[in-house]
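J.: dropping the sequence and predicted coords here.
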Amino acid sequence: MSERWDSVRVNSQPPPERALVNGLLLTLAQDEDLSDQACRQLEVFPGLTLGARNGSWLPAVLEASDEEGAHKLHEEIAEIPGVLHVDVVSIHFLSEGIDESCPSESL
Amino acid sequence: MNNASLLSRRQFCITSALSTATVLAAMRAGRGSLVAAAPQKSGGSGIRWEKAPCRFCGTGCHVRVGVENGKVVAIEGDAKADVNKGLLCVKGYHAGMILYGKDRLTQPLLRKNGKLEPITWDEAIDVIARRIMDQPDRFAIYGSGQWTIPEGYAALKLIKGGLSNNHIDPNARLCMASAVTGYLSVYGVDEPAGCYEDLDRCDVLILWGNNMAEMHPVLFSRVIDRRSRGEKVTLIDLGTRTTRTTDYCDHKLLFRPHSDLAIANGIAHLLLKRGTYNRAFVEKHCAFRFDTEEPSLQGRPATLEEYRKSLEPYTPEYVEKISGVAAKDIEMLADLFGRPELRITSTWCMGMNQHSRGTNINRLVHGIHLLSGHFGTPGNAPMSLTGQPSACGTVREVGTLVHALPGGRVVTNPEHREFTEKIWNLPAGRINPKPGHHTVVLWEKFCTPTDKGGDISTILVQVTNPGQSLPNLHKLFRGKKGLKDKFLIVSDVYPTATTDLADLILPASLWVEKSGMVGNSERRTQQWFKMVEPPGQARDDCWMLIAIARRLYELGHPGMKDKSGEFLFTMKDESGMAVPIWDWKHYYDISVDKQLFEEYRKFTTMKHKDLAPYDEYAKARGLRWPVVQQKDGTWRETKFRFSEFDDPYVAKGADIQFYHSVTKDDRALIWFAPYEKAEEEPDQDYPFWLCTGRVLEHWHTGTMTMRVPQLRGAVPQSYVEMHREDATRLGLKNGDLAELKTRRGVIRLPVWLDGRGKPPKGSLFVPFFDQRLLVNEITLGAVCPISKEPDYKKCAAAVSKV
């Protein structure tokens, strides 16, 4: 896979206050009907952006208002028939208090 | 943060999160589909593509680097590379971006009256040379497994051949030293016998405290891909916390920290008790060994009966009591090792190496493989994995260690010194026979006032970040603060926790801004050419070393001349004219790497680690040593060492031959080592085990990966993982700030519950990549008595809500 990093896509949705953004990797059932059905449900799942499916694996991004909300949504996604696992593959903190500068930039 | 910037950050987060997840989806779907989705591009787009090994870990993946207008603009996995066959991990895909962080160091800086001020390179080199001239025996070089092979070789030659000083050690002391002493004491020679093909051929893979899914994801994918193709591979996770690797494993065996020693003994005990060990293999190829009272590499001879008797207490029930692993699971492991038809591979990394009995646990795992005969055929292998691109090639093979000389030689051996002096054309006796200070002592001495025995006054640090990676930082690094006669020189690419205390900072070239050679975990030596210019006045580490040597020569240091009166690093062009490579303008007039490598090659045959000529590596995606020339003039690499079917140095009919045996009889040694308690265990005041480690997205201290927005965005700061029940009891919720306290200090960081890693009750895990949350301020620093490698995986800690 080749990647040029000067072509970042943007999404114009307004942000919820104090949002969390989690990268997810969903493992879908081998059964095609069941996994297709799961994909249809996931497409309309609130706060979920789906990437391109690759076999049994579906990349996704979940936005939530806080940790508790994110945990609840993870559980709901995991309970959808045809979803075998939900792995958190990245976490983004949008809350205050995170230092955005690189370490030692003060040099 | 205003609304506009929050919006922009959110959009960025979504994009990078999806990118990360997409890459991982492709990895899980299998290499084949990823390669199919990403055909290798050729010319035509204006991008020039060249090959290089990845800058990060010890896996040794090859990448194709796309260069346009003097800048790296694209990265691809190299489908021609055996190691990764087109696949890369998320760090690898972003490797090009590490060059372009906005705070690259671009000019030498000297601290004057507490403030760093720009100076010229001439001034910088002169300052260093005069410090060395003043006190040559109090000078030290601290490097790493990120030194290229020529860089490490030049550093070794400068300090040992030029200054008659052995104070040179690498950060690999902190990560691989126990693997080295394990190999040396079992086989008499360092590094694995097998290779990554063992992962393709094994029926059972046992991960000894090894989170391969995050630390060596491309290797892990080789195993997982086999499953997706319908092959049966049994994965066993032996660990102290649940990780992403655990999710894929058939058996998840959580053990009490430090009790892996007991587990290994429990397996060996059952193999002997049941008579399921491989008697023929043991009788023909092995001997037994116990440690002496003063731990050593050699130990003392023992009999099978002594060995058997020492193992008797390690019944499954006793091991369960110590380790928490069910007796039936100990029996299951022994059952597997007792089945000769199975191919079993064991892998490990920091879990076994960063262990205050690191040499012993390495010995015991090798011992199980030898005792059961699961050795020497494809798929049957004990294999340590490395964390740096050239921990093997530079540190372990070149020998950038306090006791070592190139090619497996040691300073304490007169014949080795004599040979080295001959190759370097030095007068007899130039090389000092006394080993220098190993890493922990070296930094302790540097942080101790001179009048109180602190006999190291100047350290040159290259390609590593000890201000973040040393244990017990208050004692071993911060202690330097305020000591007027100590001088810290740091060559790096970005400001780090180490440059914070530096007196002189040297801006360095990074990765494809210079040429290089490295050696990976499977004995594979790899090469690349410089592709882009370094920024500003940044220059190659190897040039810095040669320029320092030349300035010392000009100042009249006698060690900078060889026996013929020539400069130690004299290099000539094809016409035989000497080239002034110490002058940066002329450094790339010739291939300094090639000349240093060709000289180094002369050292490599003694331990049968033969290397091919430089030009062979320029053509290949790496070659595994011993690389031996064939009758037709071609060069053949060796995949399986000590095995007659593949290793040209094994005698015909020997089947297996440990030709560097400690006991000089071609036998490997099976060691007994007892279970012992950890140096510091939880108690009433500090009731938790604290373990430190890495995450997928960040490489070691995060110096490079924290400059890559996608990687930094994925995991922007450190955290503490703990069990939900422990958190609830302490009133902590996900994201709450917790205070971690040990006998060395206190740090505060957010709690992550039920995240990627899940420690059992009573355990904590903190990654060490975040310079703002230095977990090594509170780690212990106890070392293995043989390897001198510190234990970063266990100490006692207390937690409270802030």
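T.: That came in fine, so what should we check first?

J.: bridged to the nearest residue to residue A:47 once chain neighbours are set aside, which residues?
T.: Nearest non-adjacent residue to residue A:47, counting by CB to CB, 6 or more residues apart in numbering or on different chains: residue A:63, 4.6 Å away. Heads up, the C-betas are built off the backbone N, CA and C, glycines and all. The residues paired with residue A:63 through beta bridges, assigned by DSSP bridges, are residue A:21.

J.: count the residues that sit near residue A:63.
T.: As a burial measure, the neighbour count of residue A:63 was computed by other CB atoms under 10 Å in any protein chain shown and equals 25.

J.: that one contacts residue A:21, correct?
T.: Yes - at 5.5 Å, residue A:63 and residue A:21 qualify as touching, with contact defined as CB atoms under 8 Å.

J.: can you give the distance from stretch B:703-710 to the centre of its chain?
T.: In terms of CA atoms, centre = their mean, to the nearest Å, the centre of stretch B:703-710 is set 20 Å apart from its chain centre.

J.: how about the residues of the stretch 451-600 of chain B that lie near chain A?
T.: Within the stretch 451-600 of chain B, the positions adjacent to chain A are B:494-497, B:499-500 by CB under 8 Å from any CB of the partner chain.

J.: tell me the contacts of residue 50?
T.: I went with chain A, as the question did not name one. Taking CB atoms under 8 Å, 6 or more residues apart in numbering or on different chains as the definition of contact, the neighbours of residue A:50 are A:39, A:42-43, A:58-60.

J.: actually, chain B is the one I wanted.
T.: Listed by CB under 8 Å, 6+ apart, the contact partners of residue B:50 are B:64-65, B:67, B:512, B:528-529, B:531.

J.: what about chain A, any weak spots by pLDDT?
T.: Within chain A, the segments meeting pLDDT under 70 span A:1-19, A:67-68, A:89-107.

J.: any idea which residue of the stretch 501-650 of chain B lies closest to chain A?
T.: Among all residues of the stretch 501-650 of chain B, residue B:505 sits closest to chain A, at 8.4 Å; criterion: CB to the nearest CB.

J.: packing partners of the longest strand seen in chain B?
T.: Longest strand of chain B, by residue count under DSSP state E: strand B:745-753. Helices and strands touching strand B:745-753, by 3 or more CB pairs under 8 Å, 6 or more residues apart in numbering or on different chains; DSSP states H and E, are strand B:720-722, helix B:724-729, strand B:737-742.

J.: export only the CA atoms of stretch B:134-142, formatted as CSV.
T.: Listed next in CSV are the C-alpha coordinates belonging to stretch B:134-142 (Å, rounded to 0.1, in the frame of the first residue of the first chain):
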residue,chain,number,x,y,z
ASP,B,134,42.0,16.5,28.7
GLN,B,135,40.7,13.2,30.2
PRO,B,136,40.7,10.4,27.6
ASP,B,137,40.1,7.6,30.2
ARG,B,138,37.0,9.4,31.6
PHE,B,139,35.4,9.7,28.2
ALA,B,140,32.6,7.3,27.2
ILE,B,141,30.5,6.6,24.1
TYR,B,142,26.9,5.5,24.6
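
J.: which residues are contacting it?
T.: Applying CB under 8 Å, 6+ apart, the contact partners of stretch B:134-142 are B:131-132, B:155, B:158-159, B:163-165, B:167-171, B:436-437, B:439, B:442-443, B:446, B:455-462, B:464, B:466, B:557, B:559.

J.: please list only the buried members of the residues you listed.
T.: B:131-132, B:155, B:158-159, B:163-165, B:167-171, B:436-437, B:439, B:442-443, B:446, B:456-462, B:464, B:466, B:557, B:559 (16 or more other CB atoms under 10 Å in any protein chain shown).

J.: secondary structure class for the closest residue to chain A within the stretch 51-200 of chain B?
T.: As assessed by CB to the nearest CB, chain A sits closest to residue B:76 within the stretch 51-200 of chain B, at 4.8 Å. Under the three-state scheme (DSSP: H, G, I helix; E, B strand; the rest coil), residue B:76 adopts strand.

J.: average model confidence for stretch B:594-607?
T.: With pLDDT averaged residue by residue, stretch B:594-607 scores 98.

J.: coming back round to it: who does the residue of the stretch 51-200 of chain B closest to chain A form a beta bridge with?
T.: Beta-bridge partners of residue B:76, counted by DSSP bridges, are residue B:64.

J.: quick one, what contacts the residue nearest to residue B:227 when sequence neighbours are not counted?
T.: Excluding its sequence neighbours, the residue lying closest to residue B:227 (CB to CB, 6+ apart) is residue B:233, at 5.9 Å. Applying CB under 8 Å, 6+ apart, we find residue B:233 in contact with B:202-205, B:223, B:226-227.

J.: cool, and residue B:268?
T.: Neighbour list for residue B:268: B:311, B:314, B:364, B:367-368, B:371 [criterion: CB under 8 Å, 6+ apart].

J.: so it sits in a helix?
T.: Yes - when the secondary structure is assigned by three-state DSSP, residue B:268 falls within a helix.

J.: how much space between it and chain A?
T.: 36 Å (CB to the nearest CB, to the nearest Å).

J.: pLDDT score for residue B:86?
T.: With respect to pLDDT, residue B:86 has a value of 77.

J.: equivalent analysis for residue B:17, please.
T.: 72.

J.: my read: it touches residue B:714, true?
T.: Yes - counting by CB under 8 Å, a contact exists between residue B:17 and residue B:714, whose distance comes to 6.9 Å.

J.: more neighbours: the two, which one.
T.: Comparing residue B:17 with residue B:714 by neighbour count (other CB under 10 Å), the higher total belongs to residue B:17, at 29 against 26.

J.: quick check: the more buried one vs residue A:23, distance?
T.: Computed as CB to CB, to the nearest Å, the residue B:17 to residue A:23 distance reads 3 Å.

J.: hang on, the earlier thing: now the buried members of the contacts of residue B:50.
T.: When burial is judged by neighbour count using 16+ other CB under 10 Å, the buried members of those are B:64-65, B:67, B:512, B:528, B:531.

J.: farthest pair in these?
T.: Across the buried ones among the contacts of residue B:50, the longest distance by CB to CB is 12.1 Å; it joins B:67 and B:528.

J.: for residue 82, what are its contacts?
T.: In the absence of a named chain, this looks at chain A. Counting by CB under 8 Å, 6+ apart, the residues that residue A:82 touches are A:28-29, A:31, A:34-39.

J.: should've been chain B
T.: Residue B:82 makes contact with B:196, B:621-622 under the criterion CB under 8 Å, 6+ apart.
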